[in-house]
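Colleague: sequence first, then the predicted structure, then my questions.
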Amino acid sequence: MDIASGLEYLHCGCESTIIHGDLKPNNVLLDDEMTAHIGDFGLVKIIYTVSSDVAQGQSNSVAIWGITGYVAPEYGMEDMASTLGDVYNFGILLLEMFIGKKPADNMFKDHLNLHNFVKNALPDRVMEIVDPCILLEHNTRRWIKDCMVSILQIRVACSMESPRDRMEIGSVISELRKIKNTYMNEGLNQD
């Protein structure tokens, strides 16, 4: 939620649209309360315009930025930065968090990547791919499986290859709030 809220602020809450362009685990900082903050704004692109198309649109041509596995596919073809590129980075970052595998892991070869690995496991095999540390903490209760399926479906929707197929960050936040409310209620009712 913290990272998604930070992206929404950058994309929609400022006078100009701000594209981070390099969202990855090393650029997420945790404070003393474990609240996530987006850091390292060295590759930021600011789009100056009042057009509503800019929120989903593109900036001027830029060099390809970021690290393999986190770079949105369209950056390699069009070299255009967009808010949907940040959404892609967000999806990959959170897939990595919940699965415990980096997008450049040796297991991802040929046509298999982190996105497809998770997509192929949803919904029936989700508990086979979730980071075991998450499962140990929650003793694999039924509600945690449902929660993981919901969360990973959002992450997959964020990391779609085509930018127009990705969720918008506002929708991501709305869905995450629903999951959080369900998760909190289920967890309290079963503990």
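Modeller: Arrived safely, thanks for sending. Numbers count the residues shown, from 1 in each chain.
Colleague: for this protein, just list every one of the helices.
Modeller: Assigned by DSSP state H, the chain shows helices spanning 2-8, 73-78, 83-99, 114-121, 126-129, 132-138, 142-158, 169-190.
Colleague: would you mind finding the most buried of those?
Modeller: helix 83-99 (a mean of 24; mean count of other CB atoms under 10 Å). Any C-beta I mention is one placed from the backbone N, CA and C, and that applies to glycine too.
Colleague: let me know the angle separating it from helix 142-158.
Modeller: Angle of helix 83-99 versus helix 142-158, following axes from the mean of the first three to the mean of the last three CA atoms, to 10 degrees, is 150 degrees.
Colleague: use 573 as the first number for this chain going forward.
Modeller: Sounds good: first residue 573 from here, last item helix 655-671.
Colleague: off-centre distance for helix 655-671?
Modeller: Relative to the centre of its chain, helix 655-671 is centred 3 Å away, using CA atoms, centre = their mean, to the nearest Å.
Colleague: coming back round to it: quick one, which of the helices of the chain is nearest to residue 592?
Modeller: Residue 592 sits nearest to helix 655-671 of all those, at 5.3 Å, using CB to CB.
Colleague: who does the closest one touch, helix- and strand-wise?
Modeller: Where contact means 3 or more CB pairs under 8 Å, 6 or more residues apart in numbering; DSSP states H and E, helix 655-671 is packed against helix 574-580, strand 589-591, helix 645-650, helix 686-693, helix 714-730, helix 741-762.
Colleague: for these, give me TSV that also has distance to residue 610 and mean pLDDT.
Modeller: Shown next, in TSV, are the helices and strands packed on helix 655-671 (distance: least, CB to CB, whole Å; pLDDT from 0 to 100):
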stretch	distance to residue 610	mean pLDDT
helix 574-580	4	96
strand 589-591	10	89
helix 645-650	19	71
helix 686-693	20	92
helix 714-730	15	89
helix 741-762	12	83
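Colleague: could the ones you listed be laid out in CSV, adding distance to residue 673?
Modeller: Output for those, formatted as CSV (distance: least, CB to CB, whole Å):
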stretch, distance to residue 673
helix 574-580, 19
strand 589-591, 26
helix 645-650, 19
helix 686-693, 6
helix 714-730, 13
helix 741-762, 21
